Structures are given as C-alpha cells and as structure tokens.
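Chemist: just coords:
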C-alpha cells in the first residue's frame, strides 16, 4: 500500500498466514513454530501484529469460542486483501540472512577449530526439529486444499534448505574437526 499505513515484511507474513480462512494469534504461533525455517520472529509479535493490522483496517477481529475462554479470530478485510495482492506483485529480494554459524566459521582462525566444529555440529539438533516441524506442516496440507500447491512448493524449498545446512555442517566438521 503505497499511500497507506507502513507495512513491514512481517505484516505481510501475518496477512498471508491469516489468508482466506482467517486465523487467531494462537494459530499464527503454531504455524510459525512449524515454519520457522522460513521466518523467525518472537511469539509475542504474532499476537501484537494482528491487533495493529486490525487497527489499520486490514484485518477484522471477531470473537469465537475457545476451549476455556473466547478467542480472537482475524479475517482479511477488502483493504487487507488489496494490500496483500499489491505486495505479491512486488519483486522479492534475496532472503535476509543472520547466520551465527557462518560467523563462527569465519572467525575460527581466532579460536579452537575443534570447538567451532562442535558448536556448528550442534545445529544438527535444530535441523532435526525443523524437519519434524515440516513433517507436521505437510500432514496438514490435505486440510488446506486451496493452498496445497503453494505449500508443496514452499516445503520443497524448506527441505532443500535444511539439506544444504546438514551438508554444510558435515563439511565444517570434516574441515575443522
């Protein structure tokens, strides 16, 4: 939205996750946990951003029954759908990368190679957790037929990214270990 409120890349993540079916903050946090290989943000942001987007008129909040109390459920407004559609046509940049392991390997000449190899090797556990999250997300695809093709494309990217990291960890351990 060029003349409207300032939306961040994270704003569009929230709009996209809410999608046609709507979602509550608890749903967004669950999706984030399963898809954190793609986007990482504090859980509190997944509660705050929908409220902000609703104040901007991009989402509509409604109360729905929950297990113990009512929960807020958000749906895209026409303005939210328009903002998302406009953003979808904008060129995508290369992903921002903040890779602590890369910096450790870069600076390994200033420390103990074996210690750096072990520190990077510890990433294997996180890779396994991320793969488990992807497994869980892929089991949900049949429940989202309107997004099945898109989810399969995204998950192939995620699997390739995790495989690349697994291979790189092994290479670092061979070279520095």
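Modeler: Yep, it's here. Just so it is clear, the model here is predicted, and its values are computed rather than measured.
Chemist: what is residue 75 paired to in the beta sheet?
Modeler: residue 60 (DSSP bridges).
Chemist: let me see the contact set for it.
Modeler: By Cβ atoms under 8 Å, 6 or more residues apart in numbering, the contact list for residue 75 reads 18, 22, 59, 60, 62. Just so you know, the C-beta spots here come from the backbone N, C-alpha and C atoms, and that holds for glycine as well.
Chemist: mind redoing it with 10 Å?
Modeler: 18, 19, 20, 21, 22, 23, 54, 59, 60, 61, 62, 81 (Cβ atoms under 10 Å, 6 or more residues apart in numbering).
Chemist: I'd like those residues as a markdown table, with distance to residue 93 appended.
Modeler: Listed next are the contacts of residue 75 as a markdown table, based on distance: Cβ to Cβ, whole Å:
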| residue | distance to residue 93 |
| --- | --- |
| 18 | 23 |
| 19 | 22 |
| 20 | 26 |
| 21 | 28 |
| 22 | 28 |
| 23 | 26 |
| 54 | 27 |
| 59 | 25 |
| 60 | 30 |
| 61 | 31 |
| 62 | 34 |
| 81 | 23 |
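Chemist: tell me the one of these nearest residue 154?
Modeler: residue 19 (13.2 Å; Cβ to Cβ).
Chemist: my read is that the closest one contacts residue 59, right?
Modeler: No: counting by Cβ atoms under 10 Å, residue 19 does not reach residue 59; the two are 11.3 Å apart.
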